[in-house]
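A.B. asks: sequence-free structure coming up:
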C-alpha cells in the first residue's frame, strides 16, 4: 500500500506525465505521505475484515485476485467518501486512481511471490501438514496419490487406515505416540476422513478421536455435510473437503488476542508491581518457605495443562504452609467441595496461612499468572488451567476446554467462580471457545473485579 502511494506520487510528478498534463495545484509532500500512511492502515483493516489474511485454507489464485480487486475497490470507495464529506485530502484524481490500480497490481504480485515461496518450502518439507487418512475407496486412493506425487500440495500422508473400528483407533493411538516420540520436532496435524460412506458410528468415533487429541478433523463432504455448522469447505484435487472449525479464535483472531494479552498483562504487571512487592514481604514475614508455590512436596515442578493438552511450568504466590500440597489427596480428601468432577477444592483448608487467606480472598495469589500471560503460556481470558492429575480424569467432552490457552479469568469464573458445578463450568468454557470475540473478552475482563468481590464457598 505504501509502495502504491509513493509510486503514484512519482508518476504524477514525472517529466513525461507533466508534459501530458501540467501540475496545476499546490502539493505538500509531507502531508501526502501522512495521508498515504493513514489510508494504508484503513485498507489493512478492510483486508483483515474481508478474510484476506486467513491462511488455514488456501484459495485458488483466480479467486484470490478477484477478492483483492473487490477489497481494494472498497478501500477506494472509503477514500472517495472521505473526500466528499471533508472536501479535502489532495487535488489529484490521477494520483488517487493510479494508487488504486497500483495497489491491486502490487498486492497480486506479492501474493504470487508468497505462493511461490510457500511451494518452494513444501518441496523441502517445510510447513507440510502431516495427515492420517481414513478410507478404503477410490477417493482415498486419489488423495494418497496426489499428496505423494505433488510435493507442493502441502500435505504428507504419514498413515492410512481402511476403517475406524475400535481396534483401528487403538492402533492409531499407538502410532501417534510412537511417531511423535521418534520425531521430537514433528507431530500429526490432521485427520482426513476420505470415505463418505464410512458408517455413522465410525465417523463419530473418528471425530471424537481427532477432537480428543487436538487434531484438525476434515472429511470428504457429501451434500448434507457441507451445511454443518462451523465448517469451511476447500477443494483438493477436485474433491470437496470440509474442515470442522474447533473455535472462532483462529487466524487474525488469535493474533489480536495475543497482542491484547501482551499489552494488558505488561501494563498490569507495571501497575501492580507495588502489590507484588508488599505481598512478597508479607508472605516471608508470615511463614517459613518460598514466596512462590512452584514445586510439589517431592521437589518436582508444579505443572498445569495448557493448550493442546501440553503441560507448562506454573507458579503463583504461596498461600499455604510449605510442604502441605499433597494433603489434599490424603488427610483432607473428605473436605473436597468438588466431588462432582476431577477438581479438588478444600473447605476451611487448615493449610492456608493468615496472609494466604487474605490473598486468596482477593485473588492476589494468582497475580503472578500475569507473567505467564506475558510470555505466552496463558491468556488473560480462557478456561482455568488444571493440574495434570485432574485433567487425567477428564471425560472425553471435557477435553474440548484444552483447545485454547488457559486464562486467568473466564466466563465460568465471572458466572460463579468456585461455586459452579464442574459440568456447568465446562459448558461455559466450551461456549466461550465456540463463540469467542474481542468484545466477549473485554466484557469478561470488565466483569472480573465484581466476581472477585463476591464471596466464594471455598474460602
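C.D. replies: Happy to help now that I have it. On a predicted model such as this, the values are computed, not experimentally measured, just so you know.
A.B. asks: next one, pLDDT for the nearest residue to residue 363 once chain neighbours are set aside please.
C.D. replies: Leaving aside its sequence neighbours, residue 363 sits nearest to residue 452 (C-beta to C-beta, 6 or more residues apart in numbering; 5.2 Å). Heads up, the C-betas are built off the backbone N, CA and C, glycines and all. Here, the pLDDT recorded for residue 452 equals 84.
A.B. asks: from residue 408, how far out is residue 452?
C.D. replies: The gap separating residue 452 from residue 408 is 11 Å, by C-beta to C-beta, to the nearest Å.
A.B. asks: equivalent analysis for residue 160, please.
C.D. replies: From residue 160 across to residue 408, the span is 43 Å (C-beta to C-beta).
A.B. asks: what residues go with each domain of the chain?
C.D. replies: Using automatic domain parsing, the domain ranges for the chain come out as 2-121, 128-244, 252-453.
A.B. asks: want to throw these into JSON lines with mean neighbour count?
C.D. replies: Below are those laid out as JSON lines (neighbours: other C-beta atoms under 10 Å):
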{"stretch": "domain 2-121", "mean neighbour count": "14"}
{"stretch": "domain 128-244", "mean neighbour count": "16"}
{"stretch": "domain 252-453", "mean neighbour count": "17"}
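A.B. asks: where among these is the average confidence lowest?
C.D. replies: Ranked by mean pLDDT, those bottom out at domain 2-121, which scores a mean of 80.
A.B. asks: quick one: that domain to chain centroid distance?
C.D. replies: Using C-alpha atoms, centre = their mean, to the nearest Å, the mean C-alpha position of domain 2-121 is found 30 Å from that of the whole chain.
A.B. asks: same for the longest helix that the chain contains, what does it pack against?
C.D. replies: For the chain, the helix that runs over the most residues, judged by DSSP state H, is helix 93-123. On a contact count with 3 or more C-beta pairs under 8 Å, 6 or more residues apart in numbering; DSSP states H and E, helix 93-123 meets helix 2-12, helix 61-86.
A.B. asks: in CSV: these, plus distance to residue 366.
C.D. replies: Converted to CSV, the helices and strands packed on helix 93-123 look like this (distance: least, C-beta to C-beta, whole Å):
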stretch, distance to residue 366
helix 2-12, 43
helix 61-86, 43
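A.B. asks: quick one: which of those is nearest residue 326?
C.D. replies: helix 61-86 (56.9 Å; C-beta to C-beta).
A.B. asks: now the closest one and helix 2-12, what's the angle there?
C.D. replies: On the basis of axes from the mean of the first three to the mean of the last three C-alpha atoms, to 10 degrees, helix 61-86 is oriented at 70 degrees to helix 2-12.
A.B. asks: by contact count, what packs against helix 61-86?
C.D. replies: With contacts taken as 3+ C-beta pairs under 8 Å, 6+ apart, helix 61-86 sits against helix 29-50, helix 93-123.
A.B. asks: residue 250: which of these is closest?
C.D. replies: Between the helices and strands packed on helix 61-86, helix 29-50 lies closest to residue 250; by C-beta to C-beta that is 13.0 Å.
A.B. asks: how far off helix 93-123 does the closest one point, in degrees?
C.D. replies: 50 degrees.
A.B. asks: off-centre distance for stretch 362-369?
C.D. replies: 24 Å.
A.B. asks: closest to the centroid, which residue in this structure?
C.D. replies: residue 254 (3.9 Å; C-alpha atoms, centre = their mean).
A.B. asks: so what touches the helix or strand it falls within?
C.D. replies: Assigned by DSSP states H and E, residue 254 falls within helix 252-271. The contact list for helix 252-271, computed with C-beta atoms under 8 Å, 6 or more residues apart in numbering, reads 48, 53-54, 249, 370-371, 373-374, 376, 379-380, 436, 438, 441, 445.
A.B. asks: ok, so of the residues you listed, who is nearest residue 284?
C.D. replies: So of the contacts of helix 252-271, ranked by how close each gets to residue 284 (C-beta to C-beta), first place is residue 371, at 19.1 Å.
A.B. asks: which residues does that closest one contact?
C.D. replies: If you count contacts by C-beta under 8 Å, 6+ apart, residue 371 has them with 265, 269.
A.B. asks: what strand or helix carries it?
C.D. replies: Using DSSP H and E, residue 371 sits within helix 369-374.
A.B. asks: and the contacts of the helix or strand following that helix?
C.D. replies: With elements assigned by DSSP H and E, the helix or strand that comes after helix 369-374 is strand 379-381. Contacts to strand 379-381, defined as C-beta under 8 Å, 6+ apart, come from residues 257-258, 260-261, 264-265, 373, 404-410, 432, 441, 444-445.
A.B. asks: do the same with stretch 213-221
C.D. replies: 132, 135, 139, 176, 188-196, 203, 206-207, 210-211, 225, 231, 233, 239-244, 246, 308-309, 402-403.
A.B. asks: dihedrals phi and psi, residue 303?
C.D. replies: Reported as degrees, to the nearest 10, the phi and psi values for residue 303 are phi -120, psi 150.
A.B. asks: quick one: residue 43 and residue 75 touch, right?
C.D. replies: Yes: using C-beta atoms under 8 Å, residue 43 makes contact with residue 75 at a distance of 4.2 Å.
A.B. asks: please enumerate the shared neighbours of those two.
C.D. replies: With C-beta under 8 Å, 6+ apart as the test, residue 43 and residue 75 both reach residue 103.
A.B. asks: please name the bridge partners of the residue lying closest to residue 441 once chain neighbours are set aside.
C.D. replies: Spatial nearest neighbour of residue 441, excluding adjacent residues (C-beta to C-beta, 6+ apart): residue 381 at 4.7 Å. Beta-bridge pairing of residue 381 under DSSP bridges involves residue 409.
A.B. asks: residue 122 versus residue 191, what's the distance?
C.D. replies: Going from residue 191 to residue 122 by C-beta to C-beta gives 20 Å.
A.B. asks: and residue 112, by the same measure?
C.D. replies: In terms of C-beta to C-beta, residue 112 sits 16 Å off from residue 122.
A.B. asks: same check, this time on residue 301
C.D. replies: The spacing between residue 301 and residue 122, counted by C-beta to C-beta, is 38 Å.
A.B. asks: isn't residue 432 up against residue 410?
C.D. replies: Yes: when contacts are counted by C-beta under 8 Å, residue 432 is listed as touching residue 410 (6.3 Å).
A.B. asks: overlap in contacts of those two?
C.D. replies: Joint contacts of residue 432 and residue 410 (C-beta under 8 Å, 6+ apart) are 381-383.
A.B. asks: redo the residues you listed as TSV? Include distance to residue 425.
C.D. replies: Below are those laid out as TSV (distance: C-beta to C-beta, whole Å):
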residue	distance to residue 425
381	14
382	12
383	8
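A.B. asks: so which of the helices and strands packed on helix 61-86 comes closest to residue 348?
C.D. replies: Counting by C-beta to C-beta, residue 348 lies closest to helix 29-50 out of those; the figure is 51.1 Å.
A.B. asks: identify the residues contacting the closest one?
C.D. replies: Applying C-beta under 8 Å, 6+ apart, the set of residues contacting helix 29-50 is 1-2, 5-6, 9, 53, 67, 71-72, 74-75, 78-79, 89-90, 99, 103, 252.
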